[in-house]
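Student: how does the following fold in three dimensions:
(2 chains)
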2 protein chains.
Amino acid sequence: MNAMKIGIAGLGTVGGGVAKGLRVHGEMLDARAGTPLELVAVCDRDPAKREAFDAPAKLDDIKALAASKADLIVELIGGENGAAPMLVEEALKAGKHVVTANKAMMARHGARLAALAEKNGRALKFEAAVAGGIPIVKSLRESLIVNGIKAVRGILNGTCNYILTQMEATGRSFDDVLKDAQALGYAEADPELDVGGGDTAHKLALLTALAFGVAPDLDAVSVQGIRAITPDDISFAREFGYRIKLLGIARQTDNGIIQRVQPAMVCAGTPLADVDGVLNGVVVNANEAGPFFFEGRGAGEYPTANAVIADIVDIARGNVGSVFGVPAASLSALSPAPAAGASSAFYLRFQVLDVPGVLAEIASHLAKWRVSIESMIQRGRAPGEAVSIVMITHETTYAAVEGALQTIAGTSNVVAPPVKIPMEAK
Amino acid sequence: MNAMKIGIAGLGTVGGGVAKGLRVHGEMLDARAGTPLELVAVCDRDPAKREAFDAPAKLDDIKALAASKADLIVELIGGENGAAPMLVEEALKAGKHVVTANKAMMARHGARLAALAEKNGRALKFEAAVAGGIPIVKSLRESLIVNGIKAVRGILNGTCNYILTQMEATGRSFDDVLKDAQALGYAEADPELDVGGGDTAHKLALLTALAFGVAPDLDAVSVQGIRAITPDDISFAREFGYRIKLLGIARQTDNGIIQRVQPAMVCAGTPLADVDGVLNGVVVNANEAGPFFFEGRGAGEYPTANAVIADIVDIARGNVGSVFGVPAASLSALSPAPAAGASSAFYLRFQVLDVPGVLAEIASHLAKWRVSIESMIQRGRAPGEAVSIVMITHETTYAAVEGALQTIAGTSNVVAPPVKIPMEAK
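Tutor: Sure thing, here's the model as predicted:
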């Protein structure tokens, strides 16, 4: 029986995990793959990293790897542009299968790379790119899609979820908790891609493509991160029976597809509200048999490496198929729903001077924009000083809330930009 | 392109759902399958049922279906023995693929039928047999297994979970709630297969096979149903911070594999405790990247029919592979762990006469069996009448608890058989 020959590019934690997994679980994986899996080449610019691997070919050049005798290339270089997509293209053109964990590349170039893979009759798999160890890519591509999906909503970034969970547990500020997370290795030295929401946006664009049969469209994702969330917001949320989570939300509407990354109020006791710490969670709402909920570890050596290995075994078993579940040629362009027309209920927080009439003034501006209030908390009294007024609105439009907040922000008793957080439907 | 020709045997709710799904979602499914899916034959002994279907061949005989021009047979006849396995054997021998929702047949004859399928180079898929719409069979077979699984634990029977959830919500007895469930169609007229735990055992045997690479072994499952659970047990559980759920538990231990179906105390706030009503939930504990949690609808027309359709599409895409993830020839015989040696903490309830010294007597018997008590509730006083004494023990063995309870049951102040419910580890 012919072995499946594997080459790995990018020899960091995950690359090491893949090599180790192939070695440690070799016998079991070969039985499942139906053919021996053989690591034939590794590739990294750093000679020290290459030398740490036990592989016949240790290469420093992606072109050499693409021309090697590997049947399948594992791309773990990362990055939206540059070496990663170059390697993937070369490998597919050379008739090799590709497995990648690169969400940025797939979100940006996924449709084009999928077309190239399918033209060459090769697989391009990316389970590890979304939610680490949770098999959500395969489940959407091969199982859930039959049900007619309405929405996919997920906690897709463990760093943000860890920070929000810690802020809730300790009452400490975003900046303090971020520093701890960096010290513990849960956040990068430059945390922007995580806390700014960009990483979640990459993953969301891929889930959207799988769920709705459209080409990934990163530019159509509206992105807001978690930097503006305060311990006050978290504690008010709890008073109202909610928890604040950074969600990636893709929803099919009559006006097109909504893709949003944003902090949201998630009702306590619902599955996403209980996803704690570095875990990821995904809810799939379907017309027929849903909802479905998946939870597990979304990052780290084992979840990511093992998702890569599962893709390798799948390809060796002959499960090639379309990259996004439908042929790349029939992926339609995503038709984004107009953002301002979207509707939601909102949590609003106003930092105001505690003077008579301030609440009436805010309420009258909201009324002018037809934003109606469901409940309100004004905590503490501090005449002449700043206090918080917090409200939950009835369902309204983003446009109305943004219009009202802009007017209110300009009034004299409001001392900080108002905060708005959408309430996530159950 | 050659169409994939499909024949359906057993034209009940699920069979109707499969035919409808193939028709309604035809275009999308064909794109995903890469080939047209075509319903060519239906088979049922009831002519009225056959006539309701729009198919070229309407057959009353499974032998005729097995000899028809279908490439793939959907077996929805049900039953451990008889027509169902006969059809599956005939179809596989005739070179047809098979998709089934038949958990009893697969739990009993799965290894043999898998060997037959693989010998003939055909698929035998059974996603719909376990947890309905949740893609747990595929996830175990093709994704999670890389992680080295230690345990699979699930709420696998929606009827039992509905009854327990309603008992908790209303405080009513098992019998009352069962009657309501029957009236609502959530329980069968003969509910024994569900409430006795047998249905969960079938599903558990399949999950065990997938998780540990062993042949399904239904006889090695110890089975206890939910008939003995009282509203008192449920309310005491809540006082201790637990909920009572019927779990199927498969665990790899140093002494072999444990397979148990039993009511268990599940710690509130953990994922399985929050699986409510007719939902199913499965936790997969892995050595490397786990735990994983899956939740969704476990039964009904759409979840079951759509799981069948996903299997059909998978086969049409060429994803045949081994039935249980490893070749049937290499499925090892399950080595069951000795039941009595298994350990757990327990909830114990004693119905006793409220007379001086009764607690001391119970405690001394437990001590003789080296069962030590972590906490205790004795609620209310009713001198000379029956009251409940409830305890949570420290970890001990099933053998010790059973020995102690047998002794205690024989003492004069104990007026009903003592109840024991194991505490499920988090």
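
Student: just the pLDDT for the residue located most distally from the centre of chain A.
Tutor: Ranked by distance from the centre of chain A (C-alpha atoms, centre = their mean), the top residue is A:Pro356, with 44.5 Å. pLDDT, A:Pro356: 88.

Student: mind checking how far it is from A:Ile408?
Tutor: Using C-beta to C-beta, to the nearest Å, A:Pro356 is found at 17 Å from A:Ile408. The way it works is simple: take the backbone N, C-alpha and C, and place the C-beta from them, glycine included.

Student: and for A:Ile389?
Tutor: Distance, A:Ile389 to A:Ile408, using C-beta to C-beta: 10 Å.

Student: then A:Glu89?
Tutor: A:Glu89 sits 51 Å away from A:Ile408, taking C-beta to C-beta as the criterion.

Student: looking at these two, which one has more neighbours?
Tutor: A:Ile408 (22 against 17; other C-beta atoms under 10 Å in any protein chain shown).

Student: looking at chain A, which helix or strand is least sure?
Tutor: Every helix and strand in chain A was compared by mean pLDDT, DSSP states H and E; the lowest is strand A:373-378, with a mean of 91.

Student: and the following helix or strand past that one, which strands flank it?
Tutor: Per DSSP states H and E, strand A:373-378 leads on to strand A:386-393 as the next helix or strand towards the C-terminus. Partners of strand A:386-393 in the sheet, by DSSP bridges, are strand A:343-353 (antiparallel), strand A:373-378 (antiparallel).

Student: which residues does the least confident helix or strand of chain A contact?
Tutor: Around strand A:373-378, the neighbours that count as contacts under C-beta atoms under 8 Å, 6 or more residues apart in numbering or on different chains are A:236, A:239-240, A:345, A:359, A:363, A:366, A:387-394.

Student: now swap in stretch A:272-279 and tell me
Tutor: A:153-155, A:158-159, A:161-162, A:165, A:186, A:242-243, A:245, A:247, A:266-267, A:281, A:283, A:293, A:295-300, A:424, B:269, B:271, B:274.

Student: same check, this time on stretch A:18-38
Tutor: A:1-6, A:8, A:39, A:42, A:53-55, A:74, A:76, A:305-306, A:308-309, A:312-313, A:316-318, B:145-146, B:148, B:213, B:321-322, B:325-327, B:330.

Student: can you report phi and psi for the spatially closest residue to A:Pro291 that is not a sequence neighbour?
Tutor: Counting by C-beta to C-beta, 6 or more residues apart in numbering or on different chains, A:Asn285 is the residue found nearest to A:Pro291 once chain neighbours are left out, at 4.9 Å. Backbone torsions of A:Asn285, given as degrees, to the nearest 10, read phi -90, psi 120.

Student: list the contacts of A:Asn285.
Tutor: Under the criterion of C-beta under 8 Å, 6+ apart, the neighbours of A:Asn285 are A:149-153, A:291.

Student: measure it to A:Ala250 for me?
Tutor: Distance of A:Asn285 to A:Ala250, computed by C-beta to C-beta: 10 Å.

Student: shared neighbours, those two?
Tutor: Residues touching both A:Asn285 and A:Ala250 (C-beta under 8 Å, 6+ apart) are A:151-153.

Student: just these that are near chain B?
Tutor: Among the shared contacts of A:Asn285 and A:Ala250, no residue lies close to chain B (C-beta under 8 Å from any C-beta of the partner chain).

Student: of these, which belong to strands?
Tutor: A:151-153 (DSSP state E).

Student: just give the nearest non-adjacent residue to A:Asp44, would you?
Tutor: Excluding the flanking residues, the one nearest A:Asp44 by C-beta to C-beta, 6+ apart is A:Leu11, at 4.1 Å.

Student: what does A:Gly148 give?
Tutor: Closest to A:Gly148 by C-beta to C-beta, 6+ apart is A:Asn287, at 3.8 Å.

Student: how many neighbours does A:Ala215 have?
Tutor: 18.

Student: contacting residues around it?
Tutor: By C-beta under 8 Å, 6+ apart, the contact set of A:Ala215 is A:110-111, A:209, A:331-334.

Student: list only buried entries from those residues.
Tutor: Applying 16 or more other C-beta atoms under 10 Å in any protein chain shown to the contacts of A:Ala215, the neighbour count classes A:110-111, A:209, A:331, A:334 as buried.

Student: close to chain B: what parts of the stretch 1-150 of chain A are there?
Tutor: A:21, A:25, A:28-29, A:31-32, A:34, A:127, A:132-135, A:138-139, A:142-148.

Student: one more pass at 7 Å, please.
Tutor: Residues of the stretch 1-150 of chain A lying close to chain B (C-beta under 7 Å from any C-beta of the partner chain) are A:21, A:25, A:31-32, A:133-135, A:138-139, A:142-147.

Student: correct me, but A:Pro56 touches A:Val42?
Tutor: No - if you go by C-beta atoms under 7 Å, A:Pro56 and A:Val42 don't touch, sitting 9.4 Å apart.

Student: who's more crowded, those two?
Tutor: Set A:Pro56 next to A:Val42 and count neighbours by other C-beta under 10 Å: A:Val42 wins out with 28 against 12.

Student: how far out from the middle of the chain is the host helix or strand of that one?
Tutor: Using DSSP H and E, A:Val42 maps to strand A:37-43. Here strand A:37-43 is found 30 Å from its chain centre; the criterion is C-alpha atoms, centre = their mean, to the nearest Å.

Student: and for stretch A:358-369?
Tutor: Stretch A:358-369 sits 36 Å away from the centroid of its parent chain (C-alpha atoms, centre = their mean).

Student: tell me the buried residues in that stretch?
Tutor: Residues of stretch A:358-369 classed as buried: A:358-359, A:361-363, A:365-366, A:369 (neighbour count, 16+ other C-beta under 10 Å).

Student: can I get the CA coordinates of that stretch in PDB?
Tutor: The C-alpha coordinates for stretch A:358-369 follow below in PDB (Å, rounded to 0.1, in the frame of the first residue of the first chain):
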ATOM      1  CA  VAL A 358     -30.500  64.400  33.400                       C
ATOM      2  CA  LEU A 359     -32.600  61.200  33.000                       C
ATOM      3  CA  ALA A 360     -35.500  63.100  31.500                       C
ATOM      4  CA  GLU A 361     -33.200  64.700  29.000                       C
ATOM      5  CA  ILE A 362     -31.700  61.300  27.900                       C
ATOM      6  CA  ALA A 363     -35.200  59.700  27.800                       C
ATOM      7  CA  SER A 364     -36.600  62.500  25.600                       C
ATOM      8  CA  HIS A 365     -33.700  62.100  23.100                       C
ATOM      9  CA  LEU A 366     -34.300  58.300  22.900                       C
ATOM     10  CA  ALA A 367     -38.000  58.900  22.400                       C
ATOM     11  CA  LYS A 368     -37.300  61.300  19.500                       C
ATOM     12  CA  TRP A 369     -35.400  58.400  17.800                       C
END
